[in-house]
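From the sequence below, what's the structure:
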Amino acid sequence: MEKVTSLQVAERAGVSQSAVSRVFTPGASASAKTIEKVRKAAAELGYRPNMMARAMITGKSRIIALVVAYLDNQFYPHALERLSNALQEQGYHILVFTAANSRADIEEVMQQLLDYQVDGIITASVAMTNDLTDRCNAAGIPVVMFNRGQDGADVSSVTSANVQGGWDAADFLLACGHQRPAHISGWQGSSTGRDRQQGFCARLAEAGITPQIIDGMYRRDVAANATETLITGPNPPDAIFAGNDHMAFAVMDTLRGKLGLRVPYDVAVIGYDDVPLAAWAAYDLTTMRQPLNRMVDATVEALLTRIEDPSSPTRHIEIESPLIERGSTRPRKGPRP
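A predicted model of the protein is given here:
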């Protein structure tokens, strides 16, 4: 079958070819009557606009790439869904890529994105090197890092206030009377893991406490093993702050299922993210809430601003994380030490 052209649609609808183009161009202006006639004619003829041809003419693909390292952490499927919906509302199409957090994998994926000539890139849980940032800037493709930061990189980022979040988690555990808190940190190759640990340790240092710390790598199995190591060691903690909810669930399962301990009476647990599962009765997890909707809105705004005005400065946005108190921790006891 011969491919239907926009000219044929225009003739069937009784409008100009440019009117057909406007109807199928996100953000372009066309009257309701014109839109109705054009879409009716397109449906009758089986017309589909050639997005690649339009991209070659306009230099804009209307495609945004979302790059994520892993999806087993419950926070990221929700984040990707909301990022996708927000971008689609702005008339953009979405390509999702996965890349392990290794330089070789990330460089390979980023090269693919450059080949696709995407209009912008959002990375989630993926670290960027300064070299990759420079290559994207040279290609005129803006990048926004979601839930990650990159020291010294000329790239926008949107995170929760992770240092303050770690501080607030420690402050809360002190207010609950804990004297032996431990931390199963996130991967130390990520800014989020480092920043949450920094804030947690800084607040405990003010109280004269040095916590035990084990890198949980943001992995469930590693966090489970770390929990067993801490509890069976010479100075078992009375509270554990996990660097995200994904690890906190593993901590609670290990404490209760393998070690036979009661949460929070024997060991309290606090996480970070506030994914929907945290509110389920099986976990009832106290956690630092990542303000997902605000983070998504800020990410989309930052990216679209750079797409529309490449000369606009990069931005580093931090959004406060409130503490959500649930049943995995004990009640506050009074004044903080």
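
CA atoms for contacts and neighbours, from now on please.
OK.

buried residues in the host helix or strand of residue 250?
Following DSSP states H and E, one finds residue 250 within helix 245-253. Of the residues in helix 245-253, those buried by neighbour count under the rule 16 or more other Cα atoms under 10 Å are 245, 246, 247, 248, 249, 250, 251, 252, 253.

I figured the third one was touching residue 225, is that so?
No: Residue 247 sits out of contact with residue 225 when judged by Cα atoms under 8 Å, with a separation of 10.7 Å.

now stretch 119-127: how far from the chain's centre is it?
Once both centres are worked out by Cα atoms, centre = their mean, to the nearest Å, stretch 119-127 turns out to sit 9 Å from its chain's centre.

confidence score at residue 80?
pLDDT, the model's per-residue confidence, is 92 for residue 80.

before we move on, what about residue 52?
Model confidence at residue 52, expressed as pLDDT, equals 55.

Then residue 320?
Residue 320 is assigned a predicted lDDT (pLDDT) of 97.

Ok, residue 56 next?
Per-residue pLDDT puts residue 56 at 50.

and what of the one 3 residues further on?
Listed pLDDT for residue 59 reads 56.

With the one 5 residues further on instead?
For residue 64, the pLDDT comes out at 93.

just checking, what packs against the helix or strand residue 121 falls within?
Using DSSP H and E, residue 121 sits within strand 120-124. Contact here means 3 or more Cα pairs under 8 Å, 6 or more residues apart in numbering; DSSP states H and E; on that basis strand 120-124 packs against strand 63-68, strand 143-146, helix 292-308.

Please repeat the previous calculation with a cut-off of 7 Å.
Counting contacts by 3 or more Cα pairs under 7 Å, 6 or more residues apart in numbering; DSSP states H and E, strand 120-124 packs against strand 63-68, strand 143-146.

how far does the last one sit from the chain's center?
Looking back up the chat, that one is strand 143-146. In terms of Cα atoms, centre = their mean, the gap separating the centre of strand 143-146 from the centre of its chain is 9 Å.

so what strands line up beside that strand?
Neighbouring strands of strand 143-146 in its sheet, by DSSP bridges, are strand 120-124 (parallel), strand 156-160 (parallel).

Could you give the average pLDDT over it?
The predicted model gives strand 143-146 an average pLDDT of 94.

again, but for stretch 164-171
98.

got it, and stretch 303-312?
If you average the pLDDT over stretch 303-312, you get 93.

Next: stretch 233-253.
Per-residue confidence for stretch 233-253 averages out to 97 on the pLDDT scale.

same question, stretch 198-216
pLDDT averaged over stretch 198-216 gives 98.

can you map out the helices along the stretch 1-150 of the chain?
6-13, 17-23, 32-45, 51-58, 75-89, 103-116, 130-138 (DSSP state H, counting those that start in this stretch).

name the helices or strands packed onto the shortest one?
What it means is helix 17-23. Contacting helix 17-23 under the criterion 3+ Cα pairs under 7 Å, 6+ apart are the following elements: helix 6-13.

can you give me how far the helix it packs on is from the chain middle?
Distance of helix 6-13 from its chain centroid, counting by Cα atoms, centre = their mean, is 43 Å.

now stretch 238-246
The chain centroid and the centroid of stretch 238-246 are separated by 19 Å, computed with Cα atoms, centre = their mean.

Identify the residues contacting that stretch?
Applying Cα atoms under 7 Å, 6 or more residues apart in numbering, the contact partners of stretch 238-246 are 73-74, 178, 180-186, 193, 196, 220, 248, 266-274.

quick one on the thing from earlier: out of the strands paired with strand 143-146, which is the most enclosed?
Mean neighbour counts were taken over the strands paired with strand 143-146 using mean count of other Cα atoms under 10 Å, and the top value, a mean of 25, falls to strand 156-160.

Just want the angle from it to helix 292-308.
Counting by axes from the mean of the first three to the mean of the last three Cα atoms, to 10 degrees, strand 156-160 lies at 170 degrees to helix 292-308.
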